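Chemist: Need the 3D shape of this:
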Amino acid sequence: MRNNLMTNVLIIGSGVGGLSAGIILAKLGFQVTVVEKNRLPGGLMRSYTRGGTECDVGVHYLGALGHGEILQKLFNYLGVASKIPVERMGKDGVIDKYIFDNFTFDLPEGLDAYQENLRNTFPDEHRQIAEIMKRLRHSAEKMRSLDFLFPAQNDFSMLEQSEPLGKILTQLQCSPGLRAVIGVPCCWMGVSLEECPCFYHNMILATYLFSSWRLACSGSKMADVFAERLKSLGGKIIQAEEVEKILVNARVAEGIQLKSGQMLKARIVIGAVHPKIVLNMLPKGAVKPSYRKRISQLEDTPGIFSVHAELDASSHKAIPHNIFKVNTDKSGNILDMKFYQLKKSEKGGKNTFSILTSGKPELWRPWENTMTGWRGSDYVEEKEKRAWTLIHEAEEIFGPLCDAKLVDAYTPLTIRDWVNSPGGSAYGVLRSSKQLLSTALLNRTSVRGLFLAGQSAMAPGILGTILGSLSTVKLIVRNLKLET
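Modeler: Numbering: from 1, shown residues only. Okay, the predicted model is just below:
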């Protein structure tokens, strides 16, 4: 492939979306340069350390990493599988434990085991469960291979299940309990049951039912593996440099300009950050008003509040599964959810206790016009107050946590500043049924040569983001074939 502007690619953002798109294009012979505003690459994939404790941000567990499964195929294709140590969950028969007010439900590995647990928990709803499983198995079969990304002809079979899951469960006359259990994966990806397209729910759930895994290393290690893989293919990463604007002439991308004033030229630019951030980088008149309106009015997923604490390992042993505490209304719709993870720490004799829950943006509104590191003691006090409230609430499940040491807590404002996510959105653009048309083909823009990647391009999570990168690369290299 000739080394000219047509083979140069500039990628804005070095999260898993930007790095995976860069790796694929570098494998195909493109000259790839990734520009990252932070000191280190990785975006939300990268963890951080406080007082010797590793704090996860965006990677809490992974699905479908078993032999021949979809994420394992993708990791193999990217050339990172052997360098990211993982450990399989579900060895105690449970991947996730859902705790509701009046019952619990164990999410096991395997579709058959999942169906059996549903039938045992809701013995009067075998008809409804059979219909739910029929749809889930259909999506699972599609997800077992990557054929749906590279069909011989247009294949919209997965999007046939675009009807809101809440509507389907209402039509099936599901009980509030069954409705709540089915709704947990929707809430986990930031979409309400009433607005979650059936396909997105089934895609997320099926991948974890195939097999679920935790990193046996830090998120920073995973980020470094992706970054080093790109570099090994000849790609470059420019760090601690922010993009000022995307250069466009007659609605054709020509490169980018950094805030330092440096200009980088390329005919292919990929914005692997939130679409609204990319939109703000475009000069006036670069896109039609209708496109600018469509992107600027997209609704985003809510932000999260996260707590990391240190517990004594002798009194609080690591738990090989995740725990969800779920509050619902009388109809089974989820009002609030807390995610707990208690796992081995890098520090001897200690375990790390992590909590994720609603970001409650109203709590942080007094500081929304400030930046990280400049919010003052009142902000720190509010964070610590919220963190300790959540730790004390967790005692209902985990018993006394008097030895807990608060390591760190972050708010939606933290995520907003770190990865340029509008409002601190945790999972990017909201993949709701009412936004299906607005988010269709989101990775293609109205500027020739400008594409989008990242978790907003197709679906959130490591798998969804990498699939989005593949979809984006396919727009650039139309005869792309995936050999795993």
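Chemist: Next, give phi and psi for V59.
Modeler: Main-chain torsions, V59, degrees, to the nearest 10: phi -120, psi 100.
Chemist: So it versus L463, what's the distance?
Modeler: 11 Å (Cβ to Cβ, to the nearest Å). C-beta: built from backbone N, CA, C; applies to glycine.
Chemist: ok, now S314?
Modeler: From S314 to L463 the distance is 36 Å (Cβ to Cβ).
Chemist: More neighbours: the two, which one.
Modeler: L463 (25 against 10; other Cβ atoms under 10 Å).
Chemist: tell me which element that one falls in.
Modeler: In this assignment (DSSP states H and E), L463 forms part of helix 461-476.
Chemist: Which positions within that helix qualify as buried?
Modeler: Residues of helix 461-476 classed as buried by neighbour count (16 or more other Cβ atoms under 10 Å): 461-474, 476.
Chemist: Please apply the same query to stretch 100-118.
Modeler: Applying a neighbour-count criterion of 16+ other Cβ under 10 Å, one finds F100, F105, D106, L107, P108, E109, L111, A113, Y114, Q115, N117, L118 buried in stretch 100-118.
Chemist: First residue to last residue on that stretch, what's the distance there?
Modeler: By Cα to Cα, to the nearest Å, the extent of stretch 100-118 from end to end equals 15 Å.
Chemist: mind listing the strands in the stretch 101-250 of the chain by residue range?
Modeler: Using DSSP state E, counting those that start in this stretch, the strands of the stretch 101-250 of the chain run over 104-107, 212-215, 236-238, 243-249.
Chemist: highest average neighbour count across those strands?
Modeler: strand 212-215 (a mean of 22; mean count of other Cβ atoms under 10 Å).
Chemist: can you list the weak-confidence ranges in this protein?
Modeler: Along the chain, the model assigns pLDDT under 70 to residues 1-6, 145-160, 482-484.
Chemist: A253 bridge partners, please.
Modeler: V248 (DSSP bridges).
Chemist: oh, I was asking about I11
Modeler: Note on I11: beta-bridge partners by DSSP bridges are V34, I270.
Chemist: rewinding a little: how about the strands of the stretch 101-250 of the chain in JSON lines, adding distance to L298?
Modeler: As requested, the strands of the stretch 101-250 of the chain are arranged in JSON lines below (distance: least, Cβ to Cβ, whole Å):
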{"stretch": "strand 104-107", "distance to L298": "31"}
{"stretch": "strand 212-215", "distance to L298": "30"}
{"stretch": "strand 236-238", "distance to L298": "28"}
{"stretch": "strand 243-249", "distance to L298": "19"}
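Chemist: can I assume I462 is in contact with A64?
Modeler: No - counting by Cβ atoms under 8 Å, I462 does not reach A64; the two are 9.9 Å apart.
Chemist: Common neighbours of those two, please.
Modeler: By the contact definition Cβ atoms under 8 Å, 6 or more residues apart in numbering, I462 and A64 are jointly contacted by L71.
Chemist: Now flag whichever of the buried residues of stretch 100-118 is closest to S20.
Modeler: E109 (25.7 Å; Cβ to Cβ).
Chemist: Can you list phi and psi of that closest one for me?
Modeler: Per degrees, to the nearest 10, the backbone of E109 is at phi -90, psi 140.
Chemist: just H67 next, same as before
Modeler: Main-chain torsions, H67, degrees, to the nearest 10: phi -60, psi 130.
Chemist: Keeping just the C-alphas, turn stretch 70-88 into PDB.
Modeler: Only the C-alpha atoms of stretch 70-88 are listed here, as PDB (Å, rounded to 0.1, in the frame of the first residue of the first chain):
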ATOM      1  CA  ILE A  70     -17.100 -14.000  19.800                       C
ATOM      2  CA  LEU A  71     -14.900 -11.800  22.100                       C
ATOM      3  CA  GLN A  72     -12.200 -14.300  22.100                       C
ATOM      4  CA  LYS A  73     -12.200 -14.400  18.300                       C
ATOM      5  CA  LEU A  74     -12.000 -10.600  18.300                       C
ATOM      6  CA  PHE A  75      -9.100 -10.600  20.800                       C
ATOM      7  CA  ASN A  76      -7.300 -13.100  18.600                       C
ATOM      8  CA  TYR A  77      -7.800 -11.100  15.500                       C
ATOM      9  CA  LEU A  78      -6.500  -8.000  17.200                       C
ATOM     10  CA  GLY A  79      -3.500 -10.000  18.500                       C
ATOM     11  CA  VAL A  80      -4.100  -9.200  22.200                       C
ATOM     12  CA  ALA A  81      -5.700 -12.400  23.600                       C
ATOM     13  CA  SER A  82      -2.600 -14.100  24.900                       C
ATOM     14  CA  LYS A  83      -1.300 -11.000  26.700                       C
ATOM     15  CA  ILE A  84      -4.400 -10.200  28.700                       C
ATOM     16  CA  PRO A  85      -4.700 -12.600  31.700                       C
ATOM     17  CA  VAL A  86      -8.300 -13.400  32.700                       C
ATOM     18  CA  GLU A  87     -10.100 -15.700  35.100                       C
ATOM     19  CA  ARG A  88     -13.400 -17.400  34.500                       C
END
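Chemist: Could you shift the numbering so residue one becomes 40, and keep it that way?
Modeler: I'll keep to 40 as the first residue from here, and by that count the last item is stretch 109-127.
Chemist: Can you point out the buried residues in that stretch?
Modeler: Under 16+ other Cβ under 10 Å, the buried positions of stretch 109-127 are 109-114, 116-120, 123, 125.
Chemist: and those as CSV, adding distance to A255?
Modeler: CSV is the format used below for those (distance: Cβ to Cβ, whole Å):
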residue, distance to A255
I109, 20
L110, 16
Q111, 15
K112, 20
L113, 19
F114, 14
Y116, 21
L117, 19
G118, 19
V119, 14
A120, 13
I123, 9
V125, 6
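Chemist: Among these, name the ones in helices.
Modeler: I109, L110, Q111, K112, L113, F114, Y116, L117 (DSSP state H).
Chemist: which of those lies closest to K275?
Modeler: L117 (17.4 Å).
Chemist: what's the span of stretch 379-389, first residue to last?
Modeler: 16 Å.
Chemist: buried ones in that stretch?
Modeler: Y379, Q380, L381, K382, S384, K389.
Chemist: again, but for stretch 342-351
Modeler: G342, I343, F344, S345, V346, H347, A348, E349, L350.
Chemist: Please name the nearest non-neighbouring residue to Y418.
Modeler: With sequence-adjacent residues excluded and distances taken as Cβ to Cβ, 6 or more residues apart in numbering, Y418 is closest to W406, at 5.1 Å.
Chemist: List the residues that contact the one you found.
Modeler: Counted by Cβ under 8 Å, 6+ apart, W406 has contacts R414, G415, Y418, L452.
Chemist: now it: how far from L429?
Modeler: 19 Å.
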